[in-house]
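Q: generate coordinates for the sequence data below:
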Amino acid sequence: MQTVKMVVTGPFSAGKTQFIQSVSEIDVVDTERKVSRADERSVKEATTVAMDYGRITVDEDLVLYLFGTPGQKRFEFMWEILSEGMLGFIVMVDSTRPETFREARSILETFRAYSPTPYVVAANKQDIKDAWDTEDMRHALRLDKQIKLLPCIATKKDSVKTVLLELLYRILEEMETEG
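A: Numbers count the residues shown, from 1 in each chain. You can find the predicted model right below:
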């Protein structure tokens, strides 16, 4: 049995918890807590303070373990802990909130510094009218053409699976070139 640890990271309220909940075959272990007064400008009621954890069995030989990071800077001490042993990561970006793009880029660079593993970027909320086009997002995030920027709807299982499979293919390619 091969197990693959993937980390789902990104800014606050990008859709990381929902992404994991959409595909996990187990009840997601989450550490959501009520958003504090300091976060009153918040777009949601609760925030992840340590991690989310889910699992998906791809087939009898392959299981993916999904770890979602907290998105707020004050919990970034968890990022390095969660990145240990990861074989790849996903940066979730809310396509409707361009004010979070710079932070998403910073998180991407932080995770690249932790471990030079394969990664993809998921442009979440592509079903919403105000969502940015992925090519415009690519430019705003300063992503090279070879970096996969995938449209995503974190509430839709098939959309989430597409993102996970793309990352899995990248991980397997890297394993083959190293082996």
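
Q: hmm, which helix or strand of the protein has the shakiest average pLDDT?
A: When each helix and strand of the chain is scored by mean pLDDT, DSSP states H and E, strand 29-34 comes last, with a mean of 64.

Q: would you map the strands across the protein?
A: For the chain, the strands defined by DSSP state E occupy 2-9, 29-34, 46-59, 62-68, 88-94, 119-124, 149-151.

Q: which residues touch residue 8?
A: By Cβ atoms under 8 Å, 6 or more residues apart in numbering, the contact list for residue 8 reads 16, 19, 20, 52, 66, 67, 68, 69, 89, 90, 92. The C-beta positions use only the backbone N, C-alpha and C, and glycine is treated the same way.

Q: among the residues you listed, which one has the lowest pLDDT?
A: Across the set of these, residue 52 stands lowest in pLDDT, at 87.

Q: which residues does the closest residue to that residue other than its chain neighbours bridge with?
A: Excluding the flanking residues, the one nearest residue 52 by Cβ to Cβ, 6 or more residues apart in numbering is residue 68, at 3.3 Å. Note on residue 68: beta-bridge partners residue 8, residue 52, judged by DSSP bridges.

Q: quick one, what contacts residue 68?
A: Residue 68 sits next to 7-9, 16-17, 19-20, 30, 48, 51-54 when contact means Cβ under 8 Å, 6+ apart.

Q: remind me, longest helix of this structure?
A: Longest helix in the chain by number of residues (criterion: DSSP state H): helix 157-178.

Q: elements contacting that one?
A: For helix 157-178, the packing partners by 3 or more Cβ pairs under 8 Å, 6 or more residues apart in numbering; DSSP states H and E come out as strand 2-9, helix 16-23, strand 62-68, strand 88-94, strand 119-124, strand 149-151.
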